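Asker: Task: produce atomic coordinates for the following.
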Amino acid sequence: MATDNYLALNGLRIRPGERVLTRLVISRLPSGTVIDVPVHVIRAQQPGPVLLLMAGMHGDEVNGIETIRRLIRRDLLQPTRGTVIAIPILNIYGFLNFSREVPDGKDVNRSFPGHPRGSLASRVAHRFMREIMPLVDYGIDFHTGGKARANHPQLRCVLGEEVGIDALAAAFAAPFTLHARLRTGSLRATAHALGKPIIVYETGESLRFDEGGIEEAIAGTLRVLHHLGMGPEGPLPARPNIVCHRHRWMRARYAGLFRAHVALGDFVEEGQIYGSIADPYGEQSVRLEATASGYVIGLNYMPVVNQGDALLHLAMPA
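Answerer: Reported below is the predicted structural model:
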């Protein structure tokens, strides 16, 4: 709940100009150890929008966690008006166990809006929806690619349909902006139903820092703050933002050892050889041809692949 004078969160009344770290108690481990989620609230003296910065929805996605940590550590979150709510890690369980999911195997980002008596993932989502979401006007949800599957720095949102989303994405100005449909049970879909624009930023692969992608995320966040009238002008983008309304994965037609011949960010022409798959015994090797033209925004670094595995994610410019 927010009023003209204070913001109510977790039993606290946070007044304009205050900077508070509070902790949302989620549950306990079987050992009895309390699991809580640290939430930073930074308020300006002047009223304005509330911007959510959140990471660690999946506990092994460390690039978003590091992005928010650096923003806090470098004291870059000083809104000139409005409020910033920064949550470096939502899924504490996954973070402690180097895991995408919570201990019951469920994905928090498929569990929104949650339920107070549901699964553990559902309870995490419900607590967030009850305490945080009512306060939020805009949001950036930071994510990382999967295990041995890296993403080039990119934004994901529904372009041309959500109010305020296109302008928010343009302000962030990631190297790539993808038109990505909403997924049932995700934070983005739930926020969309409430009329609250949230963009998703992806970079790198799980459990590994992607320095370039982290710095892109920091710069993009500062540009969003400026766009919302909450801070000074951010750094200029290092490269033009490429908007892509279509994207697809190239998948393995054969099992074996995969070797990529392209890198993240490369442009691939239809028919170009982008890699090869060989059997492990040295008897044969198959060259892989791209079935479409586009930029490489995702790449599988796992050498051993099965039929149907995603190998290369291509984004097609608008």
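Asker: quick one: the closest residue to Glu269 other than its chain neighbours from Leu299, how far?
Answerer: Leaving out its chain neighbours, the residue that sits closest to Glu269 by CB to CB, 6 or more residues apart in numbering is Ser293, at 5.1 Å. Placement of C-beta: from N, CA and C, glycine included. Applying CB to CB, to the nearest Å, the value for Ser293 to Leu299 is 16 Å.
Asker: Compare neighbour counts for the two and give me the winner.
Answerer: Between Ser293 and Leu299, counted using other CB atoms under 10 Å, the more crowded position is Leu299 (24 against 14).
Asker: quick one: contacts for that one?
Answerer: Arg149, Ala150, Ala260, Val262, Ala263, Leu264, Leu311, Leu312, His313 (CB atoms under 8 Å, 6 or more residues apart in numbering).
Asker: so is it in a helix, a strand, or just coil?
Answerer: At Leu299 the chain is in strand, as set by DSSP: H, G, I helix; E, B strand; the rest coil.
Asker: quick one: the residue nearest to Glu269 and Tyr274 touch, right?
Answerer: No. Ser293 lies out of contact with Tyr274 (CB atoms under 8 Å); the separation is 11.1 Å.
Asker: hey, what's in contact with both of the two?
Answerer: Common neighbours of Ser293 and Tyr274, using CB under 8 Å, 6+ apart, are Val268.
Asker: beta partners of Ser285?
Answerer: Ser285 has the following beta-bridge partners by DSSP bridges: Ala278.
Asker: Regarding this structure, what is its longest helix?
Answerer: Counting residues, the longest helix found in the chain (DSSP state H) is helix 211-227.
Asker: Which neighbouring elements make contact with it?
Answerer: Packing contacts for helix 211-227, counted by 3 or more CB pairs under 8 Å, 6 or more residues apart in numbering; DSSP states H and E, involve strand 46-54, helix 62-73, strand 138-143, strand 149-157, helix 165-172, strand 198-204.
Asker: Out of the ones you listed, which one sits most buried?
Answerer: Mean neighbours per residue, mean count of other CB atoms under 10 Å, is largest over these for strand 198-204, with a mean of 26.
Asker: Quick one: mean pLDDT for it?
Answerer: Here strand 198-204 scores 98 as its mean pLDDT.
Asker: can you check stretch 183-193 too?
Answerer: Averaged across stretch 183-193, the pLDDT comes to 96.
Asker: can you check stretch 260-275 too?
Answerer: Per-residue pLDDT values across stretch 260-275 average out to 98.
Asker: outside of that stretch, which residues touch it?
Answerer: Here stretch 260-275 makes contact (CB under 8 Å, 6+ apart) with 150-152, 175, 250, 258-259, 276, 287-301, 311-312, 314.
Asker: try 6 Å
Answerer: His152, Arg259, Arg287, Leu288, Glu289, Ala290, Ala292, Ser293, Tyr295, Val296, Leu299, Leu312 (CB atoms under 6 Å, 6 or more residues apart in numbering).
Asker: Dig out what the second one forms beta bridges with.
Answerer: Read that as Arg259. Beta-bridge pairing for Arg259 (DSSP bridges): Ser276.
Asker: Make sure it is actually in contact with Ser276.
Answerer: Yes. If you go by CB atoms under 6 Å, Arg259 and Ser276 touch, sitting 5.3 Å apart.
Asker: the more surrounded of those two?
Answerer: Neighbour comparison, Arg259 and Ser276: the larger count goes to Ser276, with 15 against 12 (by other CB under 10 Å).
Asker: contacting residues around the more buried one?
Answerer: Ser276 is in contact with Arg259, Ser285, Arg287, counting by CB under 6 Å, 6+ apart.
Asker: Nearest to Leu168 among the residues you listed?
Answerer: Checking the contacts of Ser276 against Leu168 by CB to CB gives Arg259 as the nearest, at 38.5 Å.
Asker: Next one: that closest one relative to Ile277, how far apart?
Answerer: Relative to Ile277, Arg259 is positioned 8 Å away (CB to CB).
Asker: do the same with Gly94
Answerer: 32 Å.
Asker: for Gly17, same thing?
Answerer: To Ile277, Gly17 is 59 Å away according to CB to CB.
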